[in-house]
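This is a predicted model, with the sequence first.
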Amino acid sequence: MDSSLVATLSMAVRLSCQWAFSALGVSVITWRGPLDPTLRSIVDGGGFRVHSLPHRNAWDGDKGPQDAWFADAVADDAQSRDFRPLTARETSVLTLIARGYTNSQIAKSLGISENTVKNHVRAILDALGATSRTAALVTALQTGLVSLSSRE
C-alpha cells in the first residue's frame, strides 16, 4: 500500500479517536484483528499501542489461520506522533532486524537487493527519528510496531 495512503488512513483513525474521546467521553478504545503489516501501520499511526496475541489463531483469512493482535488507545495516545507510519515493506524489514538478520539475510529473505534493504533501513531510521538500527528497534518495540515473537 502507498505510504501516503497509509499516512492518510492513520490520520483518519487518529481524528476518529480524538473525536470519540472528546465527544463520547470514551477513555479507552480497543481494536482487534488479523495481523497485517499495513493495517497494523495504520492503526499504530492512529495512536494505538499494538500488542500481539501470538498464540491465538482467531481469524481465518484468505491465506488460512492468522495470528491475532489487539491494540488500545487512551486519550493521550490519540495525539499526533513524532514519526510517520511505516510501509508494509518497512515493517517487514524492521521485523527481520528485530530477529537479528543482517542486511544480506534480509535481502535474501525478501527477494530484494542488499542496496534496497539499505534504502529501507534509511527510510525506517528517518520515519522513526532514530540514529541507529538499535534506536529504531527500541522505538518499534516500545510502540508495538514489531515484537520479538517468532511468529510475526
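Nice, I can see it. Numbers count the residues shown, from 1 in each chain.

In three-state terms, label V50 for me.
Under DSSP: H, G, I helix; E, B strand; the rest coil, V50 falls in the strand class.

how many other residues sit next to it?
If you count neighbours by other Cβ atoms under 10 Å, V50 ends up with 19. Glycine gets a C-beta too; all of them are placed from N, C-alpha and C.

Name the nearest residue to it, sequence neighbours excluded.
G144 (3.2 Å; Cβ to Cβ, 6 or more residues apart in numbering).

Looks like that neighbour contacts V43 (just checking).
No: G144 sits out of contact with V43 when judged by Cβ atoms under 8 Å, with a separation of 9.2 Å.

Those two: which has the busier surroundings?
A count of neighbours by other Cβ under 10 Å puts V43 above the other of G144 and V43, at 24 against 19.

show me the contacts for that one.
S10, V13, W31, V50, A71 (Cβ atoms under 8 Å, 6 or more residues apart in numbering).

Point me to the helix or strand that includes it.
helix 37-45 (DSSP states H and E).

Let me see the mean pLDDT of that helix.
Here helix 37-45 scores 76 as its mean pLDDT.

swap in stretch 108-126?
95.

Give the buried residues for it.
Using 16 or more other Cβ atoms under 10 Å as the test for burial, stretch 108-126 gives L110, I112, T116, V117, H120, V121, A123, I124, L125.

Let me know whether the fifth one touches T91 as I believe.
No: if you go by Cβ under 8 Å, H120 and T91 don't touch, sitting 9.9 Å apart.

one step back: can you list phi and psi of the residue nearest to V50 for me?
phi 80, psi 10 (degrees, to the nearest 10).

Tell me the spacing between it and K118.
Using Cβ to Cβ, to the nearest Å, G144 is found at 25 Å from K118.

Before we go further, A73 is sitting in a strand, right?
Yes: assignment of A73 by three-state DSSP places it within a strand.

show me where this protein has strands.
For the chain, the strands defined by DSSP state E occupy 28-34, 49-61, 64-74.

looking at the ones you listed, which one has the lowest mean pLDDT?
If you rank the strands of the chain by mean pLDDT, strand 49-61 sits at the bottom with a mean of 59.

could you say what helices and strands the helix of greatest length in the chain packs with?
The residue-count maximum for a helix in the chain (DSSP state H) belongs to helix 3-24. Contact here means 3 or more Cβ pairs under 8 Å, 6 or more residues apart in numbering; DSSP states H and E; on that basis helix 3-24 packs against strand 28-34, helix 37-45.
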